[in-house]
Structure formats: structure tokens, C-alpha cells
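Q: sequence-free structure coming up:
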């Protein structure tokens, strides 16, 4: 039986798009809006969002399928989380 590698589901983002006020996050809804509106992550793919002690956004995804791996939003998420 072939071992299939699980797609990445956990990302840490520390560089944010300007104008989103991410340096002063007030609530989880603000994190959610940023992920959906700035990063274009589909709502049904977001499992959990947290802001950690170093003010980085932790994104945990669910239901990641093979076709998601080539989607622009997923490729961008991989890129910005590696650059952080």
C-alpha cells in the first residue's frame, strides 16, 4: 500500500496585507474576515483561527482535497506562510 502524504493544513502568517488593521486584532471575526476577504480562503475550508503571542495568525484548515492544492488561494497560503 502506497503512503500518501497529507496536504499541509496548518499555517502561520506573520506578514499581513496593509489596511487590514491586523496589528490590533479585536476579535476572531476580524481574523476570519481577513482569511476570507484578503487571502480568499473558502469559508468551508477554515477549521480554526488564532492569533499567537508573537502576533502571527495561525490558520488550521479542514477538508483539504487534492484539487485544492493547485488553487490560487492554497498556493498563496503556502507561499506567504513559508516567507513569514
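A: Received the coordinates, thanks. It should be emphasised that the depicted structure is a prediction, and the values quoted were computed from it without experimental measurement. Residues are numbered from 1 along each chain as shown.
Q: Which residue is the nearest non-sequential neighbour of the residue nearest the centre of the chain?
A: When C-alpha atoms, centre = their mean is applied to the chain, the residue found nearest the centroid is residue 59 (4.3 Å). Spatially, and ignoring its direct neighbours in sequence, residue 59 is nearest to residue 11 (4.5 Å; C-beta to C-beta, 6 or more residues apart in numbering). For every residue, glycine as well, the C-beta is placed using N, CA and C.
Q: how many neighbours does the one you found have?
A: Neighbour count of residue 11, defined by other C-beta atoms under 10 Å: 21.
Q: Residue 55 now?
A: 12.
Q: ok, now which ones touch it?
A: Each residue near residue 55 by C-beta atoms under 8 Å, 6 or more residues apart in numbering is listed here: 14, 23.
Q: May I ask which helix or strand encompasses it?
A: Using DSSP states H and E, residue 55 falls within no helix or strand.
Q: ok so residue 11 is a strand residue?
A: Yes: membership of residue 11 in a strand is supported by DSSP: H, G, I helix; E, B strand; the rest coil.
Q: In contact with it, which residues?
A: 58-61, 77-78, 81.
Q: Please repeat the previous calculation with a cut-off of 6 Å.
A: Residues near residue 11 by C-beta atoms under 6 Å, 6 or more residues apart in numbering: 59, 77, 81.
Q: Quick check: beta-bridge partners of the residue nearest to the centre of the chain?
A: Judged by DSSP bridges, the bridge partners of residue 59 are residue 11, residue 49.
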